[in-house]
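Student: Generate a structure from the sequence data that follows.
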Amino acid sequence: MPQIPLHYVDLRTFCYATEDEKRVEEALRTFLPEEFEIERVESEGHYGDRILVLSARVESADDVRHVLSRLADLESFDQVIDELDERVTENTELFLRLDKQAAFGGDVRLGDGITFRGKVEAYPAKKAQAVDNAEDVLERLRDEK
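Tutor: As a prediction, the model looks like this:
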């Protein structure tokens with residue numbers, strides 16, 4: 001994949017008090033390049049319970065390619081391409097929700113637990129152009145698999 005039309009990719013998940021922090025981090029690392037730095041921010045839930053927010057911003061082209069190559073393993077990859085008009089915002093961001101439990105096992109599925117947000121390059125910065133660019137990169141990714 002020669003050119004990646006994404007400025008960056010943000011991945012984020014929450015580790016609740018009932019979850020093992022190492023397992024949640026491992027689930028997030030399913031999508032990240034080796035040794036990638038994960039930011040940790042501690043927060044508090046409504047009832048005072050501890051919530052740890054784990055996030056990573058992937059900006060270099062090679063690292064973004066790595067994240068996208070993991071997305072290509074989605075069982076419902078064609079569904080994502082078909083839903084791009086709903087998944088790309090007016091602010092040219094592509095959103096996916098990924099299954100945290102499946103990611104812990106090394107699988108890639110749509111679901112709950114991990115948020116993927118990719119800032120799609122679009123000139124002019126319009127949703128329609130961003131959808132076209134996202135569709136192009138995802139179709140190339142699918143064809144390479």
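Student: could you list every residue that touches the residue nearest to the spatial centre of the chain?
Tutor: Centroid check for the chain by Cα atoms, centre = their mean gives F116 as the closest residue, at 2.5 Å. With contact set as Cβ atoms under 8 Å, 6 or more residues apart in numbering, F116 has these partners: 9-11, 31, 67, 71, 94-98. Heads up, the C-betas are built off the backbone N, CA and C, glycines and all.
Student: and G106, how many neighbours does it have?
Tutor: 11 (other Cβ atoms under 10 Å).
Student: Ignore what I typed, I meant R12.
Tutor: 18.
Student: try I38
Tutor: I38: 14 surrounding residues under other Cβ under 10 Å.
Student: Run through the residues that contact it.
Tutor: Counting by Cβ under 8 Å, 6+ apart, the residues that I38 touches are 25, 28-29, 32, 54-56.
Student: Now restrict those residues to buried residues only.
Tutor: Those of those that meet the buried threshold are 25, 28-29, 32, 54, 56, by 16 or more other Cβ atoms under 10 Å.
Student: Looking at those residues, spot the one nearest Q79.
Tutor: Nearest to Q79 among those: L28, at 22.7 Å, using Cβ to Cβ.
Student: Need the pLDDT of that closest one.
Tutor: Note for L28: predicted pLDDT of 97.
Student: Which elements pack onto the longest helix along the chain?
Tutor: Across the chain, the longest stretch assigned as helix under DSSP state H is helix 127-144. If contacts are counted by 3 or more Cβ pairs under 8 Å, 6 or more residues apart in numbering; DSSP states H and E, helix 127-144 sits against helix 61-71, helix 77-82, helix 84-87, strand 93-99, strand 113-120.
Student: Now with 10 Å, please.
Tutor: Counting contacts by 3 or more Cβ pairs under 10 Å, 6 or more residues apart in numbering; DSSP states H and E, helix 127-144 packs against strand 6-16, helix 61-71, helix 77-82, helix 84-87, strand 93-99, strand 113-120.
Student: Pull the fourth one out as PDB, backbone CA atoms only.
Tutor: Just to be clear, that refers to helix 84-87. What follows is helix 84-87, C-alpha atoms only, in PDB (Å, rounded to 0.1, in the frame of the first residue of the first chain):
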ATOM      1  CA  LEU A  84     -18.600   4.100   5.200                       C
ATOM      2  CA  ASP A  85     -21.100   6.900   4.700                       C
ATOM      3  CA  GLU A  86     -22.300   6.300   8.300                       C
ATOM      4  CA  ARG A  87     -18.800   5.700   9.700                       C
END
